[in-house]
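*Asks:* Predicted model and sequence below, questions to follow.
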Amino acid sequence: MDTAPAPAAEAWSPRPAYWLDDVPTAYGHGPAVVLLDQTRLPAEEVRLVCSDVATVVDAVRRLVVRGAPVLGIVGAYGVALAAARGEDVKAAADDIARARPTAVNLAWGARRALAAWQAAGGSAEAALREARVIHEEDAAASAAMAGHGARFAAGLPAERPLQVLTHCNTGALVSGGEGTALAVVRELHRAGRLGRLWVDETRPLLQGARLTAYEAARTGMPYTVLSDNAAGSLFAAGEVDLVVVGADRIAADGATANKVGTYPLAVLARHHGVPFVVVAPMSTVDRDTPDGAAIVVEQRDGGEVTEMAGTPLTPPGSTAYNPAFDVTPPALITAIVTESGVLSPVSAIAIARMSAGHDPVMRR
Ligand SMILES: CSC[C@H]1O[C@H](OP(=O)(O)O)[C@H](O)[C@@H]1O
């Protein structure tokens, strides 16, 4: 079984999204939101300079920037950009929130920046300040989750360095810091406790094969990519000690929306007695969504399934079912790791306590 070579571990960040005050733009010099174009990775590191909100919204829709926490950061920067350009700020916040419906962070970040703008009497500086606070908060949350998650993993009965399976991409590309679930894996690697990272390719857009592998290679983790279909045989062979995934929205009862293909992993993990851990900041917990049935799952264009890099994979006229996410019920989740601590077992009460700002049920 091939394992990609592990280059020297390094403190590395791809800087997925940031603000620049004064750059050449389509409108002359002015502020911009700069995005690392994740559709071009791993082959090319190309940055998109967004000088208006319409460009930000299009970039979110095309997954130029993606992943719940960084979407919260970009949502806030997008509102700050509208304010700086004298655009309709409320309309901008609404357009941003509508760009992708499932990751609660997108609307949450936009609304926080809008509220700051309104509270300051329509101040663009206030909106930008709030966006920067959200960016910094997410970096701190990422570090805290990495610590809580690694300590939880260290408590697992393991006779070997952990073999961890993950789905989609939850690293520094989705965060102001090192990410969510992949930040936990990176912390385990630093502590010498990571035996291998199994990387689900994550059809149809291959966030795992393209992005998680890119991050694992850049940070020196021992990793192996697999087709999503192969995960079951890994469990059956006893090669998975822990599953860690991210989240796009966690409902008040602990039901979790994440990249499509997550729910089957939760079922496999339960069947094989493997801990299944969700890692997400509090900004992804949405107490206004009561349960999994209330989570809106983004349905994306079928062409993402029937084509690969513009090449048809199916006969002309084929239709495709392409939900971007699925929902895992709380009963299949061993623990939810947030910056506040570890919930185990997950319960509606614990989630409610956590989303109300109280300490979670269990803290490690
Ligand atoms: C922890 S945020 C990463 C999260 O977002 C991904 O979805 P997408 O690539 O469509 O933005 C996936 O659900 C990841 O778990």
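*Replies:* Received it, and whenever you're ready, just let me know what you need.
*Asks:* got a list of contacts for stretch 76-93?
*Replies:* 17, 19, 27, 30-33, 50-53, 56-57, 75, 96, 109-114, 117, 122-124, 127-128, 130-131, 134-135 (Cβ atoms under 8 Å, 6 or more residues apart in numbering). To be clear about C-beta, it is placed using only N, CA and C from the backbone, and glycine gets the same treatment.
*Asks:* just checking, which of those residues belong to helices?
*Replies:* Counting by DSSP state H, the part of these found in helices is 53, 56-57, 75, 96, 109-114, 117, 124, 127-128, 130-131, 134-135.
*Asks:* from the contacts of stretch 76-93, which would you call buried?
*Replies:* Buried residues within the contacts of stretch 76-93, counting neighbours by 16 or more other Cβ atoms under 10 Å: 17, 19, 30-33, 50-53, 56-57, 75, 96, 109-114, 117, 124, 127-128, 130-131, 134-135.
*Asks:* out of those residues, who's near the ligand?
*Replies:* With Cβ under 6 Å from any ligand atom as the criterion, these include none near the ligand.
*Asks:* Near the ligand, which residues of the protein are found?
*Replies:* 66-69, 168, 170, 174, 180, 207, 245-246, 248, 258-259, 324.
*Asks:* now the residue nearest to Ala252 when sequence neighbours are not counted: how far from the ligand?
*Replies:* Using Cβ to Cβ, 6 or more residues apart in numbering and skipping residues adjacent in sequence, the residue nearest Ala252 is Arg287, 4.6 Å away. Distance, Arg287 to the ligand, by Cβ to the nearest ligand atom, to the nearest Å: 19 Å.
*Asks:* what stretches of the chain score poorly on pLDDT?
*Replies:* Filtered on pLDDT under 70, the chain yields the residue ranges 1-10, 344-364.
*Asks:* cutoff 80 now
*Replies:* Low-confidence segments of the chain, defined by pLDDT under 80: 1-11, 344-364.
*Asks:* Domain boundaries for it, per the record?
*Replies:* Domain assignment for the chain by automatic domain parsing gives 17-137, 151-355.
*Asks:* So which residues of the chain form helices?
*Replies:* Listed in chain order, the helices of the chain (DSSP H) span 53-61, 68-84, 89-99, 104-119, 124-154, 181-190, 213-218, 231-236, 262-271, 303-306, 348-355.
*Asks:* Could you identify which of those helices is most buried?
*Replies:* Greatest average neighbour count among these goes to helix 68-84 (a mean of 30), per mean count of other Cβ atoms under 10 Å.
*Asks:* Go ahead and confirm the residue nearest to Ala252 touches Asp253.
*Replies:* No - at 9.8 Å, Arg287 and Asp253 do not qualify as touching, with contact defined as Cβ atoms under 8 Å.
*Asks:* Of those two, which one has the most company?
*Replies:* Set Arg287 next to Asp253 and count neighbours by other Cβ atoms under 10 Å: Asp253 wins out with 22 against 14.
*Asks:* quick one: terminal-to-terminal distance for stretch 112-131?
*Replies:* One end of stretch 112-131 to the other measures 8 Å (Cα to Cα, to the nearest Å).
*Asks:* residues making contact with it?
*Replies:* 19, 73, 75-80, 83-84, 89-90, 93, 109, 134.
*Asks:* For the ligand, state which of those is nearest.
*Replies:* For the contacts of stretch 112-131, the closest approach to the ligand (Cβ to the nearest ligand atom) belongs to Ile73, at 11.5 Å.
*Asks:* Check the offset of stretch 302-319 from the chain's centre.
*Replies:* Here stretch 302-319 is found 26 Å from its chain centre; the criterion is Cα atoms, centre = their mean, to the nearest Å.
*Asks:* What residues of that stretch count as buried?
*Replies:* By neighbour count with 16+ other Cβ under 10 Å, stretch 302-319 contains the buried residues Val305, Thr306, Glu307.
*Asks:* Quick one: end-to-end length of that stretch, please.
*Replies:* Distance across stretch 302-319, first residue to last, is 7 Å (Cα to Cα).
*Asks:* which residues are in contact with it?
*Replies:* Residues outside stretch 302-319 that contact it (Cβ under 8 Å, 6+ apart) are Arg203, Pro204, Leu205, Ala320, Tyr321, Asn322.
*Asks:* Generate a PyMOL selection restricted to the buried entries among the residues you listed.
*Replies:* Per 16+ other Cβ under 10 Å, the buried members of the contacts of stretch 302-319 correspond to this PyMOL selection:
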select buried, resi 203+204+205+322
